[in-house]
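Trainee: Next input, structure requested:
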Amino acid sequence: MSKNRIRIGFGGGCHWCTEAVFQALRGVHSVEQGFIRSDPPFDGWSEAVIVTFDPAIIDLATLTEVHLRTHASTAAHSMRGKYRSAVYAFDDRQVQQARGLVERFQPEFGGALVTRTLPFVAFKPSDTRFHDYYAKDPGRPFCQAYIDPKLAVLRRDFGAHVTAPA
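Mentor: Sure, this is the predicted structure:
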């Protein structure tokens, strides 16, 4: 991996939604959709993505804020095992940086963030038929109901970072 590309993992909601959100951002080189696990007690597979990005174009702070604002980052609902709200870091330095960012954004939310900063342990991709889910057919009812509102948040709050529509 070149020096100008960094990897980070994000999980929170459905990986179809998370994938579409990060694919819409300038500076994101790739988004791998699948399942991530961390150290116990967070070693169960949870839907997530690995984002490879160029920090000269988009920084980790912006990516983290996008993540926190485009899923239910304050909801400790019963599906958190399958949809763990997390930032998955690839080394100790990144763990500290991500933890600091989540703490920095906490005051901007009405409730306590449930988003954890966890070490990345393993990844398994989702079935290839689900990759690029939104890009393949944005007219699907699921896309319109769940992904389009997240993309509207991006356009409204992070417009300078959103890629031009195809």
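
Trainee: tally of neighbours for residue 15?
Mentor: 26 (other Cβ atoms under 10 Å). C-beta here means a position set from N, CA and C on the backbone, and glycine is covered the same way.

Trainee: I'd assumed residue 48 was in contact with it.
Mentor: Yes: under the criterion of Cβ atoms under 8 Å, residue 15 makes contact with residue 48 at 6.2 Å.

Trainee: shared neighbours of those two, which are they?
Mentor: 34-35 (Cβ atoms under 8 Å, 6 or more residues apart in numbering).

Trainee: And the strands in the chain, which stretches?
Mentor: 6-11, 28-37, 46-53, 86-89, 116-119, 122-125 (DSSP state E).

Trainee: Return the most buried member of these.
Mentor: By mean neighbour count, with neighbours taken as mean count of other Cβ atoms under 10 Å, strand 86-89 ranks first of the strands of the chain at a mean of 26.

Trainee: and residue 22, what does it touch?
Mentor: With Cβ under 8 Å, 6+ apart, residue 22 has these contacts: 10, 28, 31, 49, 51, 63, 66.

Trainee: which one is the first one nearest to, not counting chain neighbours?
Mentor: Of all residues beyond its chain neighbours, the one nearest residue 10 is residue 67 (4.7 Å), with distances taken as Cβ to Cβ, 6 or more residues apart in numbering.
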